[in-house]
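Peer 1: task: produce atomic coordinates for the following.
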Amino acid sequence: MIVSASRRTDIPSYYSDWFFHRLKEGYVLVRNPWDARQISRISLSPEAVDGIVFWTKNPVPMIRKLDRLGLYHYYFQFTLTAYGPEVERNLPSKNRTVIPAFRQLSREIGKENVVWRYDPIFFNETYTMDYHCRYFEALAAKLAQFTETCTVSFLDMYRNTRRNAEALQLQTPAARRQAELLERFAETAKKYRISLDVCAEELDFRKAGVFPAHCIDKERFEKMGNCKLNVGKDKNQRSRCGCVESIDIGAYNTCKNGCLYCYANYNAGSVAHHFSRHNPRSPLLFGEIEEGDVIRERDVRSFADGQMSLFDFREQWGK
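Peer 2: Residues are numbered from 1 along each chain as shown. Here you go, the predicted structure:
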């Protein structure tokens, strides 16, 4: 089993105490986002967990606790963009806090385990082609020694995103404009020796040297664990998503970052209400077990299938 922590909320930033208590207890409870009375009990034992993917914009609260992850393989998807506080409303200063945190995290766990995400990309009168290119290079220069990979994507306008994003006065980019931006990004990434890939886009950018991303990456975890993983594509994600199967332990409308483009946290009132019900000792991310809840043990197990040979490593990673 691979754990996603979490596409739905920023666990490292706001819920790290809860997360580590769940590891200590050996399980987590997750409400079904479409039927809240249905709860899955998910084992977090090292024997069942092949890896953990953390998604964050500010890992500072978690960094000092990383030694508690000694029995697990993991890496971070770290979003760091050039948007200002009118877009990412509750993030701390990027120059004073977020960029130093990126560098510190990389020093702690290795630059190969910190994936820089510059996403989602959108255009308006402020965030133009030239703006993105200028600040992408500024960030690349600051992060080049601390990451190997940057993943980018363009904003998808989900129904839940539209109301919050109205204030951004978004422009709909033509395919040619997207391709030009990624061509320029690719040139910059090459300059700083950063591999650039693209997450779940319909257009093919391979001519620019930008290949599809695998944000939850089977091969990365196989390399970490020196074993093959019998895990397939995640059927619950979009058809163009390259991720393999995982279990997300987060919850919607619980992230306090306040990003106007977010699809997972779109109602500020719900976020505040849910956050007020967070108990670091509860098996649920927020709230408690209530009368009428149905808890079912989810059948989880390791995907590991034997130790990898030297041939496997050469075949998959060219070594």
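
Peer 1: report the secondary structure state of the nearest residue to residue 184 once chain neighbours are set aside.
Peer 2: Spatial nearest neighbour of residue 184, excluding adjacent residues (Cβ to Cβ, 6 or more residues apart in numbering): residue 133 at 4.9 Å. Any C-beta I mention is one placed from the backbone N, CA and C, and that applies to glycine too. Here residue 133 is recorded as helix under DSSP: H, G, I helix; E, B strand; the rest coil.

Peer 1: what's the neighbour count on residue 133?
Peer 2: By other Cβ atoms under 10 Å, 17 other residues sit near residue 133.

Peer 1: check contacts around it.
Peer 2: Contacts for residue 133 (Cβ atoms under 8 Å, 6 or more residues apart in numbering) come out as 181, 184, 185, 188.

Peer 1: one more: residue 25?
Peer 2: Applying Cβ under 8 Å, 6+ apart to residue 25 gives the contacts 44, 283.

Peer 1: against residue 66, how distant is it?
Peer 2: 19 Å (Cβ to Cβ, to the nearest Å).

Peer 1: same question, residue 23
Peer 2: 12 Å.

Peer 1: if you count neighbours, what's buried in the helix or strand hosting residue 38?
Peer 2: Using DSSP states H and E, residue 38 falls within strand 35-43. Buried residues in strand 35-43, defined by neighbour count with 16 or more other Cβ atoms under 10 Å: 39, 40, 42, 43.

Peer 1: touching whichever strand or helix holds residue 104 from outside, list them.
Peer 2: Secondary-structure assignment from DSSP H and E places residue 104 in helix 99-109. Counting contacts by Cβ under 8 Å, 6+ apart, the residues outside helix 99-109 that touch it are 58-60, 63, 66, 74-76, 78, 80, 113-114, 116, 139, 142-143, 145-147.

Peer 1: quick one: contacts of the following helix or strand past that helix?
Peer 2: Counting by DSSP H and E, the next helix or strand C-terminal to helix 99-109 is strand 114-121. With Cβ under 8 Å, 6+ apart as the test, strand 114-121 has contacts from 75-82, 102, 105-106, 132, 136, 139, 143, 146-147, 149-156, 181, 185, 194, 199, 215, 261.

Peer 1: restricted to strands, list these.
Peer 2: Of the contacts of strand 114-121, the ones assigned to strands by DSSP state E are 75, 76, 77, 78, 79, 149, 150, 151, 152, 153, 154.

Peer 1: who does residue 39 form a beta bridge with?
Peer 2: Here residue 39 shows beta-bridge partners residue 31, residue 295, assigned using DSSP bridges.

Peer 1: contact partners for it?
Peer 2: 29, 30, 31, 32, 284, 289, 293, 294, 295, 296.

Peer 1: what do you get for residue 275?
Peer 2: 14, 254, 256, 286.

Peer 1: quick one: the strand or helix carrying it to chain centroid distance?
Peer 2: Taking DSSP H and E as the criterion, residue 275 maps to helix 268-276. Centroid separation for helix 268-276 versus its chain: 21 Å, with Cα atoms, centre = their mean, to the nearest Å.

Peer 1: can you dump the C-alpha atoms of it in CSV for me?
Peer 2: The C-alpha coordinates for helix 268-276 follow below in CSV (Å, rounded to 0.1, in the frame of the first residue of the first chain):
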residue,chain,number,x,y,z
ALA,A,268,-13.6,28.8,3.9
GLY,A,269,-16.5,28.3,6.4
SER,A,270,-16.2,24.6,6.2
VAL,A,271,-12.5,24.7,6.5
ALA,A,272,-12.7,26.8,9.7
HIS,A,273,-15.5,24.5,11.1
HIS,A,274,-13.6,21.3,10.4
PHE,A,275,-10.3,22.7,11.7
SER,A,276,-12.0,23.7,15.0
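
Peer 1: quick one: average pLDDT of that helix?
Peer 2: Mean per-residue pLDDT for helix 268-276: 97.

Peer 1: for that helix, buried residues please.
Peer 2: 271, 274, 275.

Peer 1: from these, pick the one nearest residue 122.
Peer 2: residue 271 (21.4 Å; Cβ to Cβ).

Peer 1: quick check: phi and psi at the residue nearest the centre of the chain.
Peer 2: The structure's the chain has its C-alpha centroid closest to residue 55; by Cα atoms, centre = their mean the separation is 3.2 Å. In terms of degrees, to the nearest 10, the main-chain angles of residue 55 are phi -120, psi 130.

Peer 1: thinking again about what came up before, please pick the buried ones from the contacts of residue 39.
Peer 2: 29, 30, 31, 284.

Peer 1: next, format the residues you listed as a markdown table and append distance to residue 166 and pLDDT.
Peer 2: Formatted as a markdown table, those follow (distance: Cβ to Cβ, whole Å; pLDDT from 0 to 100):
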| residue | distance to residue 166 | pLDDT |
| --- | --- | --- |
| 29 | 36 | 98 |
| 30 | 31 | 98 |
| 31 | 29 | 98 |
| 284 | 33 | 98 |
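
Peer 1: give me the contacts around stretch 192-207.
Peer 2: 116-117, 119, 140-141, 143-144, 147-154, 175, 178-179, 182, 185-186, 189-190, 209-213, 215, 237-238, 240-242.
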